[in-house]
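1. fold the following for me, if possible:
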Amino acid sequence: MHAKIYHNPACGTSRNTLALIRNAGIEPEIVDYLQTPPSRNELQKMIRAAGLSIREAIREKGTPYAELGLDNPALSKDALLDAMLNHPILINRPFVVTELGTRLVRPSERVLDILPDTQKGPFAKEDGELVIDADGKRLG
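-> Next up, the predicted model:
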């Protein structure tokens, strides 16, 4: 299966998501979206495929969201997309695209919804929370 992750290696959720994809036996295409942001068309397509509004796909924490006045409800979708493309840190993360769907994967175990049921063994997040048991079955 092909999988693509729009990844920020400094983000724990993104690292956990990447590890869960690999635990399924898949080596994904990794896009460091801060260095190589998606095109406008790709970003719109991902947001739409994930069933999100553009506002839902914007990251506020640790970004210039407030300084740019992006909380203004009068801003158009195009203005919000422009901001995300000009400041990729505003793109919430991680987005994962597979043949089974597209998700903004927060929390990281949401990626399991778009992966085959083939976890190779137990998996715990960086904080120690067990997500996959010893038999490769999803917990919770």
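2. which residues in the chain form helices?
-> 12-23, 40-49, 77-86 (DSSP state H).
3. just name the most buried of these.
-> helix 12-23 (a mean of 20; mean count of other CB atoms under 10 Å). In this view, the C-beta of every residue, glycine as well, is placed from N, C-alpha and C.
4. starting at the chain centroid, how far to that helix?
-> 10 Å (CA atoms, centre = their mean, to the nearest Å).
5. got the CA coordinates for that helix in PDB?
-> Output of helix 12-23 as PDB, limited to C-alpha atoms (Å, rounded to 0.1, in the frame of the first residue of the first chain):
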ATOM      1  CA  GLY A  12       5.400  14.100  18.600                       C
ATOM      2  CA  THR A  13       2.000  13.300  17.000                       C
ATOM      3  CA  SER A  14       3.700  13.300  13.600                       C
ATOM      4  CA  ARG A  15       6.500  11.000  14.800                       C
ATOM      5  CA  ASN A  16       4.000   8.600  16.500                       C
ATOM      6  CA  THR A  17       1.900   8.600  13.300                       C
ATOM      7  CA  LEU A  18       5.000   7.700  11.200                       C
ATOM      8  CA  ALA A  19       5.900   4.900  13.600                       C
ATOM      9  CA  LEU A  20       2.300   3.500  13.400                       C
ATOM     10  CA  ILE A  21       2.500   3.500   9.600                       C
ATOM     11  CA  ARG A  22       5.800   1.700   9.700                       C
ATOM     12  CA  ASN A  23       4.400  -0.800  12.300                       C
END
